[in-house]
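Asks: no FASTA, just this:
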């Protein structure tokens, strides 16, 4: 039996409330000068006080040594096995721009690229054309007509775009046209199973028309596509946990992921305080809240150690707005580590605190990577957070007699 | 998706180097007089210094409570699920004597045994005849001719030998002739599936001829066979991790296991310092080194607490030869515990340290069973070591978008 099947069997409704605060890219690495991570450098009296009343630990989002993308990192936090529910690049691209993907739509991630006079790819990213240029070219490609299918071409950022094919009988079982290298021609899209023949014709027809339209738009004179995929049919959080869940997130990607697991998307302004306000405004209407803060990850990706620490301090200042609501269960963690020293996501386990009246606290009195090593939760896979949160909210019945 | 499949998808080549130092049977139990284990008794300034700069923890080679043989213990260290990739006794026996097993060979582990005048087994080990006698008898059995098959009979130690059948259409799906008890006759080998009929005839023919040859060689007047098996087709470490791996080990069993996962075997003398020298000599030519030290396990098996501590001190003295090479990642651990007090392998988790520039160290400043309990790696399955080492060597790409 799959973990979700078990939880679905024993989950029960109750008036208790759970708040999951995700500080994106929370985990870090020690600054060579001070030996302290971003979280350890930031002054966080409110998080530390909450940690003292909580059970602490470290999570592996996907597994030890595995550096997660945002999608698997969040799926694990929501309790979905991230390796089992791997989501295609096309779908991730569409979610990332808030595109309203229908169940049978086929989405692909596209690059504007450069080909030479013999049709060989010379730059897979078309010199990273500005997003404005990408938007203009997407508008041209969006006019392409193919019989039996409606298509949508939408800009993402720089040379990146998403294309969505909507129609009857389409299949995601087709290969990439992206050759993943320069000096060769884009590949023809091919069927990975016989039911996909029609989709292959449509995809190759799209590429052929795009080539003609883009011919005079050097360096963006061609497209390459990859990650053809369909929205996965995930059981919703309502079905699995019998929760009424809501999401507070500014970035489209995280809103898209939240929608994928059946959360209601709440309106929020862009500031951290706006997001905490949104929690307060909607607190009566839901019993599970996913509150996502992006700034920590962005600062980590930029290699800006000090700014990442500063964002953490801002979150700490806003925290009483959350704790003041007295949720039955509070979880604070991240979807992965983003150490400023590595300027990107990493495999390092992420600190977590779980507060509830019933958590049986440990001796950790500080929310940090080092302190959480000695926490009562130990080191554990992130997919186990939701069952723990549910149990602490008294929302899981006994298993077996 | 299996763990190795995932790693295979995301592993990348890079110039970094990993050294895995395996101190066989490292973990121990406290001496009743001092309350300290072998590792805690030994003076290990170099290991302690390295531990202070590393991330520490405890590994379960197969699982909590499971005492591993050398084969599953090492497979787990190399990242192969030891329960999934279970290797037959016959193959282990052949690997243990450095026999060059071909992919279709069938190997079985044999015992010389004693049968009485009615053919009932009276001693399954023929009074543990000396190895010289075993060698002499194996030479006689090696002369046995069976049509359609070439056979090899090779001594192991005392009453133990290995027999290998080479030919077309053989199958390992046959039962043991070893009855595993005295007072009964050796069993006839039987087919476990219809394709194995020919192998059954060959095995029973071998046993019948051996009985005649051995008739006057009391107490070794008969043979019993078990663990018919074929070399498993493991994906190599080159395929999974994209590493160029090399092994430094004196004992044939460990050399055989290393060869099984595609490592290059390096020449080395028998002393600990010889092995560290071999590492230095070959350091430029590989990017993964498995360095195996046997003395700790042998001392543990002999129940010689003091000698085991002494071997650990010798390793500690040699360690600067390894750290001086400045590998990007150093892992020091064991394949299982061999407490002198138990005179054998045991289920106790094994201390581990993982050093890298990116390891995010903990507060453990001493390499010992007790100190490692509080390490940042926590307690975890040994199969997760390789992904962690790969991540710390920056040899794993991001999983998912």
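Replies: Good, I have the coordinates. Just so you know, these numbers come straight off a predicted model, no measurement behind them.
Asks: which residues does the helix or strand hosting residue A:279 contact?
Replies: Using DSSP states H and E, residue A:279 sits in helix A:272-282. With contact meaning CB atoms under 8 Å, 6 or more residues apart in numbering or on different chains, helix A:272-282 is reached by A:19, A:246, A:248-250, A:266-269, A:289, A:291-293, A:295, A:311, A:314-315, A:318, A:321-322, A:325. The way it works is simple: take the backbone N, C-alpha and C, and place the C-beta from them, glycine included.
Asks: out of those, which are inside helices?
Replies: A:295, A:311, A:314, A:315, A:318, A:321, A:322 (DSSP state H).
Asks: what subset of the residues you listed is buried?
Replies: Those of the ones in helices among the contacts of helix A:272-282 that meet the buried threshold are A:295, A:311, A:314, A:315, A:318, A:322, by 16 or more other CB atoms under 10 Å in any protein chain shown.
Asks: list the residues that contact the closest residue to residue A:182 other than its chain neighbours.
Replies: Distances taken as CB to CB, 6 or more residues apart in numbering or on different chains put residue A:121 closest to residue A:182, at 5.0 Å, once the chain neighbours are dropped. Residues in contact with residue A:121 (CB under 8 Å, 6+ apart) are A:113, A:114, A:115, A:179, A:181, A:182, A:183, A:184, A:185, A:186, A:222, A:224.
Asks: relative to residue A:178, how far out is residue A:121?
Replies: According to CB to CB, to the nearest Å, residue A:121 and residue A:178 sit 9 Å apart.
Asks: name the residues contacting each of the two.
Replies: A:186, A:224.
Asks: checking whatever residue of the stretch 51-200 of chain A ends up closest to chain B next. Helix, strand or coil?
Replies: Distance from chain B to each residue of the stretch 51-200 of chain A (CB to the nearest CB) is smallest for residue A:65, at 3.1 Å. Classification of residue A:65 using DSSP: H, G, I helix; E, B strand; the rest coil returns coil.
Asks: and the stretch 101-250 of chain A, which of its residues are near chain B?
Replies: Within the stretch 101-250 of chain A, the positions near chain B by CB under 8 Å from any CB of the partner chain are residue A:227.
Asks: which residues of the stretch 101-250 of chain A fall in helices?
Replies: For the stretch 101-250 of chain A, the helices defined by DSSP state H, counting those that start in this stretch occupy A:131-141, A:197-214, A:237-241.
Asks: can you name the element that comes right after the strand or helix carrying residue A:22?
Replies: Secondary structure from DSSP H and E places residue A:22 in strand A:18-23. Heading C-terminal from strand A:18-23, the first helix or strand you meet, by DSSP H and E, is helix A:38-41.
Asks: may I ask which of the contacts of residue A:121 has the most neighbours?
Replies: With neighbours set by other CB atoms under 10 Å in any protein chain shown, the maximum within the contacts of residue A:121 is found at residue A:222, which has 26 neighbours.
Asks: bridged to that one, which residues?
Replies: residue A:113 (DSSP bridges).
Asks: surely it is in contact with residue A:212?
Replies: No. Using CB atoms under 8 Å, residue A:222 makes no contact with residue A:212, being 10.4 Å away.
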